[in-house]
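1. Generate coordinates for the sequence data below:
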Amino acid sequence: MTPSVTTLAEPVRPTAADFHRTNRGGGLFSESISQWIGASFAVAAHRLGLRPTALTLTNLVLGLATSVTVVALAAPVARGDVPAWVVGLLALVGWQVAYALDCADGQLARVTGQGSAAGARVDVLCDVAAQIALVAALGATAVAQHPSTPSWLVAAFAGTWMVNLVTSVMQAGPNAASMVTSTSLPVRLVKLVRDYGAVIFVAALVLLLAPALALWVMVAFTIVNGGFLLASIAFSARASLR
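-> This next block holds a predicted model:
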């Protein structure tokens, strides 16, 4: 009699599509590009046995290193001692990869069931640190290119930039609400001005091709984010007074 042989099936590993399916959006650019790159990072991290916080901290280190380098080279670029394309290419790759890792940590946590309150706090705090550094990089570039840049503009730019992060955090939980709920393509295209992946892509392109325009990038985003803040206050106040 031939003994039976029991074959143990290998556990099914989640694919990039499985990870991407759990993404939390972020906008048309982020969902189409950043979240897919993040899904690939999540696949690799899962196979290596990494925890989501490892991706979060890698995002922080890479984001900070990129922004600090941009700050350090802002003056040399303005003087012409360092080619702008070198710094711009570094920013383009560094910021996008860091953001993709930020997308990946959440995907990994949700698919593998490793999410935790502590991990969520670390994620938000690292996002704050990385975005402060990015704002400093853009501000340093603008001031280096235009030394007469008023300090109040830099402060307003820095303050209103964080509106994106604050409102995205507020979107979680039972009290979440959106002023514009339509998901039509025209609306999503308009919302690209608040899509973090698209925003850092444009910022890096400016550093790459025309760093002298960094001042006007600051002006544009101060107006957009400040306007969104005022609109959000009005929207929420109207809802609360009903």
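2. Contacts for stretch 130-150 next, please.
-> For stretch 130-150, the surrounding residues in contact (Cβ atoms under 8 Å, 6 or more residues apart in numbering) are 59-60, 63-64, 66-68, 70-71, 74-75, 77-78, 91, 95, 98, 102, 154, 157-158, 161-162, 165, 200, 203, 207, 211-212, 214-215, 217-218. Placement of C-beta: from N, CA and C, glycine included.
3. These in helices, which ones?
-> Using DSSP state H to define helices, the subset of the contacts of stretch 130-150 located there is 59-60, 63-64, 66-68, 70-71, 74-75, 77-78, 91, 95, 98, 102, 154, 157-158, 161-162, 165, 200, 203, 207, 214-215, 217-218.
4. Of those residues, just the buried ones, ChimeraX syntax please.
-> With 16 or more other Cβ atoms under 10 Å as the criterion, this ChimeraX line picks the buried residues out of the ones in helices among the contacts of stretch 130-150:
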select :59,60,63,64,66,67,70,71,74,75,77,78,91,95,98,102,154,157,158,161,165,200,203,207,214,215,217,218
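5. which residues in this structure form helices?
-> For the chain, the helices defined by DSSP H occupy 16-20, 28-29, 35-48, 52-79, 84-112, 117-145, 151-170, 185-190, 196-209, 214-240.
6. Contacts for the shortest one, please.
-> Helix 28-29 is touched from outside by 188-189, 191-192, 195, 197-198, 201, with contacts defined as Cβ under 8 Å, 6+ apart.
7. and the worst-scoring helix or strand of the chain on mean pLDDT, which residues are buried?
-> Taking mean pLDDT, DSSP states H and E as the measure, the helix or strand of the chain with the lowest value is helix 185-190, at a mean of 76. Applying a neighbour-count criterion of 16+ other Cβ under 10 Å, the buried positions in helix 185-190 are residue 188.
8. Measure how far it is from the centre of its chain, please.
-> 19 Å (Cα atoms, centre = their mean, to the nearest Å).
9. Please export the C-alpha coordinates of stretch 125-138 as PDB.
-> Provided in PDB are the C-alpha atoms of stretch 125-138 (Å, rounded to 0.1, in the frame of the first residue of the first chain):
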ATOM      1  CA  LEU A 125       4.200  62.900  12.800                       C
ATOM      2  CA  CYS A 126       6.600  61.800  10.100                       C
ATOM      3  CA  ASP A 127       4.400  63.500   7.500                       C
ATOM      4  CA  VAL A 128       4.500  66.700   9.400                       C
ATOM      5  CA  ALA A 129       8.300  66.600   9.700                       C
ATOM      6  CA  ALA A 130       8.800  65.700   6.000                       C
ATOM      7  CA  GLN A 131       6.500  68.500   4.900                       C
ATOM      8  CA  ILE A 132       8.100  71.100   7.100                       C
ATOM      9  CA  ALA A 133      11.400  70.200   5.500                       C
ATOM     10  CA  LEU A 134       9.900  70.400   2.000                       C
ATOM     11  CA  VAL A 135       8.400  73.800   2.700                       C
ATOM     12  CA  ALA A 136      11.800  75.000   4.000                       C
ATOM     13  CA  ALA A 137      13.400  73.700   0.800                       C
ATOM     14  CA  LEU A 138      11.000  75.600  -1.500                       C
END
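10. buried set for it?
-> By neighbour count on 16+ other Cβ under 10 Å, the buried set for stretch 125-138 is 126-127, 130-138.
11. Could you do stretch 204-212 as well?
-> For stretch 204-212, burial by neighbour count (16+ other Cβ under 10 Å) applies to 204, 206-208, 211.
12. repeat for stretch 34-44
-> Across stretch 34-44, burial judged by 16+ other Cβ under 10 Å covers 34-39, 41-43.
13. Could you single out the nearest of the residues you listed to residue 225?
-> If you rank those by distance to residue 225 using Cβ to Cβ, residue 34 comes first, at 19.5 Å.
14. residues touching the nearest residue to that closest one once chain neighbours are set aside, list them.
-> The shortest distance from residue 34 to any non-neighbouring residue, by Cβ to Cβ, 6 or more residues apart in numbering, is to residue 197 (4.0 Å). By Cβ under 8 Å, 6+ apart, the contact set of residue 197 is 26-27, 29-30, 33-34, 96, 99.
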